[in-house]
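J.: Can you look at this prediction? I've put the sequence above it.
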2 protein chains.
Amino acid sequence: MMTNLMRGTELARDIVARASEKAADYTLRTGRKPCLATVIVGDDPASVTYVRMKQNRCHKAGLESRHVALPHETTTEELVAKIRELSDDPAVHGILLQHPVPHHVDERAAFEAIVPHKDVDGVTMHSFAGMSFGHNEFVSCTPGGIMRLLDAYDVDVAGKHAVVIGRSPILGKPAAMLLLARDATVTICHSKTVGLADIVRTADVVVAAVGKPRFVQGDWIKPGAVVIDAGYNEGNVGDVDFDAVKDALITPVPGGVGPTTIAVLLEQTVDAAWRELDA
Amino acid sequence: MMTNLMRGTELARDIVARASEKAADYTLRTGRKPCLATVIVGDDPASVTYVRMKQNRCHKAGLESRHVALPHETTTEELVAKIRELSDDPAVHGILLQHPVPHHVDERAAFEAIVPHKDVDGVTMHSFAGMSFGHNEFVSCTPGGIMRLLDAYDVDVAGKHAVVIGRSPILGKPAAMLLLARDATVTICHSKTVGLADIVRTADVVVAAVGKPRFVQGDWIKPGAVVIDAGYNEGNVGDVDFDAVKDALITPVPGGVGPTTIAVLLEQTVDAAWRELDA
């Protein structure tokens, strides 16, 4: 009985290093840097911190970042117009709208203003369907990071039972679809699920994407299972009761899924720049 | 122990009757009929029969149908151009591309040439994401028919375990997403699933969308389960071994899911016409 860690920090470092090389090649060839536009509405402190972190990572990796900060009162129409402007701007290769946006804004309308070939955060309906149908397009960054972790630790999910807890449009649902595309048998659980513990006990792979600290109990985990904790709650705590999990391959929090998310964002931005050049 | 039937024929008749009334209202108001364009490539006999059936149903319900028959040699570019033309044609309210198309044609590219507001067969990436995110847009017709059957027989799937066997982009996947939007816990199984029988045995609701005659065995079905057979194989046989199922609420084949599929197609075409008017 032992627990092995899937270390996202090291993996993210590798992904970013490769993206950085590809960014340098791009700059050498074009005289420009791959550019990520970040958009934030309002001044939620966590969102401000996240966006700043993403910008810093861009700069360190040799990408350009352009930041658009809009006031809390911004209307859906104004936000959509701004994002359309970025969609049309040839100097911008990727667009990230930091969520959540204020309640009065129609987030879906704003996401859909991102043209698919700049949707490096994988939030559009087009990208979701692309993930669901196994197309080679942009993926939502956290599910994308999860798949990279599975690859890095040689976890083949084909024929395995994967249980995804959570069904948000940018985490639970796309994670389920990406696992399905790899031939896992996938069960999607959520707040209305009856008998969750027993369902999780049948899982070879568990993806916790609930947003509740230590929600998944240690005795829900089948010995030898792979446990992906995509939660990040106050106090640096994940969605899984980490200390109670024995005999599993598990992502720590922090240092598991989190770092891979930004790494995939940077990688997809560089890819977007290259794809545009090749198109 | 008894088996009760979910009769699609009666339900379809009701749906078509209401669609027909709405079509007549539309005609009264506009002097035009809601119009479905059907597109077929090549001369596969089953496809020809299906399309003819859809056209006949249109006419009987007071809809117009416009048929585009293209030769087997049609290229992807030619097909896309034709569908774009229909997308731009204000006299056409819904577009149906009969599948399968010949192997040399990029079916996805052809589907994506349908503008979302005319996608009455629910095949585009936009419609798939809409179903997945619980938007009120067009649904794939067979999964849509399945949901109507569940409604008609007062089956509330919330908190229930639904097992979908099959993961095609227009049947298994959208059916799973529509069930999830109704708060079912959903497991998606497929050809690579290990231990399928035991998974199906845990299901409160089974959707068989495999395309293999009598594939789902009677002893896989939990007593009292709801069984939706979306298969239609040679010899009028479904994907479920119907005669072996005891104590279930089940759709017969024929006369179960099949008729509801066309009914939803007609209903969505009429809705498309009205929505365009209201837009």
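T.: That came through, no problem. Numbers count the residues shown, from 1 in each chain, chains lettered A, B, ... in the order given.
J.: Could you pull up the contacting residues of the residue nearest the centre of chain A?
T.: Central residue of chain A (Cα atoms, centre = their mean): A:Thr142, 1.9 Å from the mean position. A:Thr142 makes contacts with A:Ile170, A:Leu171, A:Ala175, A:Ala209, A:Ala230, A:Val257, A:Thr260, A:Thr261, A:Val264, as judged by Cβ atoms under 8 Å, 6 or more residues apart in numbering or on different chains. Backbone N, C-alpha and C define where each C-beta goes, glycine included.
J.: Can you check the pLDDT for A:Glu10?
T.: Note for A:Glu10: predicted pLDDT of 97.
J.: can you check A:Met1 too?
T.: You'll see A:Met1 listed with a pLDDT of 58.
J.: Can you tell me the SS state at the residue nearest to the centre of chain A?
T.: helix (DSSP: H, G, I helix; E, B strand; the rest coil).
J.: and if you look at the one 4 residues further on?
T.: Secondary structure state of A:Ile146, per three-state DSSP, is helix.
J.: and it, what is it in contact with?
T.: By Cβ under 8 Å, 6+ apart, the contact set of A:Ile146 is A:Ala175, A:Leu178, A:Val207, A:Ile228, A:Ala230, A:Val257, A:Thr260.
J.: and what of A:Val245?
T.: Per Cβ under 8 Å, 6+ apart, neighbours of A:Val245: A:Thr3, A:Gly218, A:Ile221, A:Val227.
J.: element containing A:Ala24, please.
T.: A:Ala24 is part of helix A:8-30, with elements assigned from DSSP states H and E.
J.: C-terminal to that helix, what's the next element?
T.: Using DSSP H and E, the first helix or strand after helix A:8-30 is strand A:35-41.
J.: residues of the very next helix or strand once past that following strand that come out buried?
T.: Next along the chain after strand A:35-41, taking DSSP H and E as the criterion, comes helix A:45-60. Residues of helix A:45-60 classed as buried by neighbour count (16 or more other Cβ atoms under 10 Å in any protein chain shown): A:Ser47, A:Tyr50, A:Val51, A:Lys54, A:Gln55, A:Arg57, A:Cys58.
J.: Helix A:45-60 to helix A:8-30, inter-axis angle?
T.: Angle of helix A:45-60 versus helix A:8-30, following axes from the mean of the first three to the mean of the last three Cα atoms, to 10 degrees, is 50 degrees.
J.: Point out the other helices and strands that helix A:45-60 packs with.
T.: strand A:35-41, strand A:64-70, helix A:257-278 (3 or more Cβ pairs under 8 Å, 6 or more residues apart in numbering or on different chains; DSSP states H and E).
J.: before we move on, the earlier item: among the contacts of A:Thr142, which one sits closest to B:His72?
T.: Taking Cβ to Cβ as the measure, B:His72 lies nearest A:Ala175 of the contacts of A:Thr142, at 40.4 Å.
J.: I'd assumed A:Val205 was in contact with the closest one.
T.: No. Using Cβ atoms under 8 Å, A:Ala175 makes no contact with A:Val205, being 10.2 Å away.
J.: who's more crowded, these two?
T.: Per other Cβ atoms under 10 Å in any protein chain shown, whichever of A:Ala175 and A:Val205 has more neighbours is A:Ala175, with 31 against 23.
J.: What sits closest to that one if chain neighbours are left out?
T.: Closest residue to A:Ala175 apart from its sequence neighbours, by Cβ to Cβ, 6 or more residues apart in numbering or on different chains: A:Pro143 at 4.0 Å.
J.: Quick check, that neighbour in contact with A:Arg182.
T.: No. When contacts are counted by Cβ under 8 Å, A:Pro143 is not listed as touching A:Arg182 (11.6 Å).
J.: so which of the contacts of A:Thr142 is the most crowded?
T.: Within the contacts of A:Thr142, neighbour counts (other Cβ under 10 Å) peak at A:Ala175, which reaches 31 neighbours.
J.: In terms of helices and strands, where is that one?
T.: A:Ala175 belongs to helix A:172-181 when assigned by DSSP H and E.
J.: Name the surrounding residues that touch the following helix or strand past that helix.
T.: Counting by DSSP H and E, the next helix or strand C-terminal to helix A:172-181 is strand A:185-189. For strand A:185-189, contacts defined as Cβ under 8 Å, 6+ apart pick out A:159-167, A:172-173, A:176, A:179-180, A:196, A:199-200, A:203, B:176, B:180, B:185-190, B:192-194, B:199.
J.: Touching, A:Leu178 and A:Gly145? I think so.
T.: No. Contact criterion Cβ under 8 Å: A:Leu178 and A:Gly145 do not qualify, at 10.6 Å.
J.: Name the residue in these two with the higher neighbour count.
T.: In this view A:Leu178 and A:Gly145 are compared by other Cβ under 10 Å, and A:Gly145 has more residues nearby, 30 against 25.
J.: Okay, now the unreliable bits of the stretch 1-150 of chain A?
T.: Scanning the stretch 1-150 of chain A for pLDDT under 70 picks out A:1.
J.: Please apply the same query to the stretch 151-279 of chain A.
T.: For the stretch 151-279 of chain A, applying pLDDT under 70 flags no range at all.
J.: A:Pro143 and A:Arg182: who's more crowded?
T.: Ranked by neighbour count (other Cβ under 10 Å), A:Pro143 and A:Arg182 place A:Pro143 first, with 29 against 19.
J.: how about that one, what does it touch?
T.: Shown in contact with A:Pro143 (Cβ under 8 Å, 6+ apart): A:Gly122, A:Met131, A:Ile170, A:Leu171, A:Pro174, A:Ala175, A:Leu178.
J.: tell me which element the third one falls in.
T.: By that I understand A:Ile170. If you go by DSSP H and E, A:Ile170 is not part of any helix or strand.
J.: quick one: contacts for the residue nearest to it when sequence neighbours are not counted?
T.: Among residues not flanking A:Ile170 along the chain, A:Ser140 sits closest, at 4.7 Å (Cβ to Cβ, 6+ apart). A:Ser140 makes contact with A:Asp121, A:Gly122, A:Val123, A:Ser127, A:Phe128, A:Met131, A:Ile170, A:Leu171, A:Pro174, A:Ala175 under the criterion Cβ under 8 Å, 6+ apart.
J.: so what's the backbone phi/psi at A:Ser140?
T.: The phi and psi torsions at A:Ser140 (degrees, to the nearest 10) take the values phi -60, psi 140.
J.: Next, work out how far apart it and chain B are.
T.: Per Cβ to the nearest Cβ, to the nearest Å, A:Ser140 is found 12 Å from chain B.
J.: how many other residues sit next to A:Asn236?
T.: Summarising burial for A:Asn236: neighbours were counted as other Cβ under 10 Å, giving 11.
J.: Is it correct that it is in contact with A:Val253?
T.: Yes. The pair A:Asn236 / A:Val253 is scored as a contact, 6.7 Å apart, by Cβ under 8 Å.
J.: Get me the contact residues on the stretch 1-150 of chain A for chain B.
T.: A:Arg108, A:Met125, A:His126, A:Phe128, A:Ala129, A:Gly130, A:Ser132, A:Phe133, A:His135 (Cβ under 8 Å from any Cβ of the partner chain).
J.: Quick one: mark the members of the residues you listed that sit in helices.
T.: Of the residues of the stretch 1-150 of chain A next to chain B, the ones assigned to helices by DSSP state H are A:Arg108, A:Met125, A:His126, A:Phe128, A:Ala129, A:Gly130, A:Ser132.
J.: Disregarding residues adjacent in the polypeptide, which is nearest to the fourth one?
T.: Using Cβ to Cβ, 6+ apart and skipping the chain neighbours, the partner closest in space to A:Phe128 is B:Ala129 (4.6 Å).
J.: residue contacts, the one you found?
T.: Neighbouring residues of B:Ala129 by Cβ under 8 Å, 6+ apart: A:Met125, A:His126, A:Phe128, A:Ala129, A:Ser132, B:His135.
J.: Counting neighbours, which of these end up buried?
T.: Among those, those classed as buried by 16+ other Cβ under 10 Å are A:Met125, A:His126, A:Phe128, A:Ala129, A:Ser132.
J.: Can I get the residues you listed in JSON lines including distance to B:Leu150?
T.: Supplementary listing: the buried ones among the contacts of B:Ala129 in JSON lines, determined by distance: Cβ to Cβ, whole Å:
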{"residue": "A:Met125", "distance to B:Leu150": "25"}
{"residue": "A:His126", "distance to B:Leu150": "29"}
{"residue": "A:Phe128", "distance to B:Leu150": "24"}
{"residue": "A:Ala129", "distance to B:Leu150": "24"}
{"residue": "A:Ser132", "distance to B:Leu150": "22"}
